[in-house]
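Peer 1: Any chance you could fold what I've pasted below:
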Amino acid sequence: MEGALGLLGLLAAAVVAGAINSVAGGGSLLSFPSLVAFGQPAILANATNTAALWPGTLSSAVAYRHDTLFHRDLLLTLLVPSMAGGLLGAVVLVITPPELFDHVVPFLVLFATVLFALRNVIARWTKATVAGEEHVTTGGRIWGSLFQLFVATYGGYFGAGIGILMLGSLSVMGLRDIHRMNGLKTVLGTLINVIAFAFFAIKGLVVWRLALVMAVGAIAGGWFGARTARRVDQRWLQAFVIAVGVVVSAWLFGRR
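Peer 2: The predicted structure follows:
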């Protein structure tokens, strides 16, 4: 897939991934395998995908800024575990032998796909709704901070599905407005990815020309997705992401 056509495909994948991440999470199920199909080794593809998508989540965070202001105190509580986990996950990825990462990648993609497919079930379990009374207790903050450390570590290591995990965590903590939750999710997700990206860049794992092309697409998709989130029929979006995840999982297992 080298050449102009391949780069155009990566750009398109990044646009869609950025939009999906802003609305529901799971965009890496499309952008990461696109890099693998382009011929990048799995670890380089993962690092480059992180570098490419964080500008998109940043543009979503800007679009969601008014929703995020409702929970500034909670955001500050979750900043430290997000930063620590993002760095820890990136370190673990760097010290992971490439052949081991190649072996676990299909399982990670399948896990993220199943997680995405069950996100509505998770929402019902955690009582996440579009609106309702919101009250975050001290215990909820403590539990949420510990779980955010786990989510951020996974995010620094691989990343696909962290938005879904964070929505479930925020719901259990007491949040009910899905748009405010998306605002917090995009800010925290951006922070996790920026920390991981900085570490990957220092270690020389980012393929810059591909990351820059995809970053342009991710920014456009992230902004557009966040601005239109309230008008999107998420049932169709969910079906599309699940189908992509299943196909990609099967393809990755077939490549082993």
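Peer 1: In this structure, what helix or strand scores lowest on average pLDDT?
Peer 2: Comparing every helix and strand of the chain by mean pLDDT, DSSP states H and E singles out helix 119-125 as the least confident one, with a mean of 61.
Peer 1: so how far is the helix or strand that it is followed by from its chain's centroid?
Peer 2: Following helix 119-125 in sequence order, the next helix or strand is helix 138-157 (DSSP states H and E). With Cα atoms, centre = their mean, to the nearest Å as the basis, helix 138-157 stands 15 Å off its chain's centre.
Peer 1: which parts of helix 138-157 are buried?
Peer 2: The neighbour-count check on helix 138-157 (16 or more other Cβ atoms under 10 Å) flags 140-141, 144-145, 147-149, 151-157 as buried. Backbone N, C-alpha and C define where each C-beta goes, glycine included.
Peer 1: Tell me the one among those nearest to residue 97.
Peer 2: residue 157 (13.8 Å; Cβ to Cβ).
Peer 1: The closest one reaches residue 91, doesn't it?
Peer 2: No. Applying Cβ atoms under 8 Å as the test, residue 157 and residue 91 come out as separate, 9.0 Å apart.
Peer 1: before we move on, the earlier item: got the buried residues of helix 138-157 as CSV, with pLDDT and distance to residue 10 columns?
Peer 2: Compiled in CSV, the buried residues of helix 138-157 are given as follows (pLDDT from 0 to 100; distance: Cβ to Cβ, whole Å):
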residue, pLDDT, distance to residue 10
140, 66, 40
141, 72, 40
144, 76, 35
145, 83, 36
147, 84, 33
148, 86, 31
149, 91, 32
151, 86, 27
152, 91, 26
153, 92, 27
154, 88, 24
155, 87, 21
156, 90, 22
157, 88, 22
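Peer 1: so which of those comes closest to residue 220?
Peer 2: Nearest to residue 220 out of those is residue 155 (Cβ to Cβ; 22.5 Å).
Peer 1: so the closest one sits right up against residue 195, yeah?
Peer 2: No. At 9.3 Å, residue 155 and residue 195 do not qualify as touching, with contact defined as Cβ under 8 Å.
Peer 1: Return every residue with contacts to both of those two.
Peer 2: When contacts are counted by Cβ atoms under 8 Å, 6 or more residues apart in numbering, residue 155 and residue 195 have residue 86 as shared neighbours.
Peer 1: follow-up on the earlier one: and of the buried residues of helix 138-157, the nearest to residue 98?
Peer 2: Proximity of those to residue 98 (Cβ to Cβ) peaks at residue 157, which lies at 14.0 Å.
Peer 1: need the contact list for the closest one.
Peer 2: Applying Cβ under 8 Å, 6+ apart to residue 157 gives the contacts 89-90, 92-93.
Peer 1: what do you get if the cut-off is 7 Å, keeping everything else the same?
Peer 2: By Cβ atoms under 7 Å, 6 or more residues apart in numbering, the contact list for residue 157 reads 89, 92-93.
Peer 1: Repeat that for residue 153.
Peer 2: Residues 85, 88-89 are the ones in contact with residue 153 under the rule Cβ under 7 Å, 6+ apart.
Peer 1: measure it to residue 180 for me?
Peer 2: Between residue 153 and residue 180 the distance, using Cβ to Cβ, to the nearest Å, works out to 25 Å.
Peer 1: Over to residue 33?
Peer 2: Applying Cβ to Cβ, the value for residue 33 to residue 180 is 31 Å.
Peer 1: Those two: who's more crowded?
Peer 2: Set side by side, residue 33 and residue 180 show more neighbours around residue 33, with 24 against 21, by other Cβ atoms under 10 Å.
Peer 1: Regarding the more buried one, what is its secondary structure?
Peer 2: Secondary structure, DSSP: H, G, I helix; E, B strand; the rest coil: residue 33 is helix.
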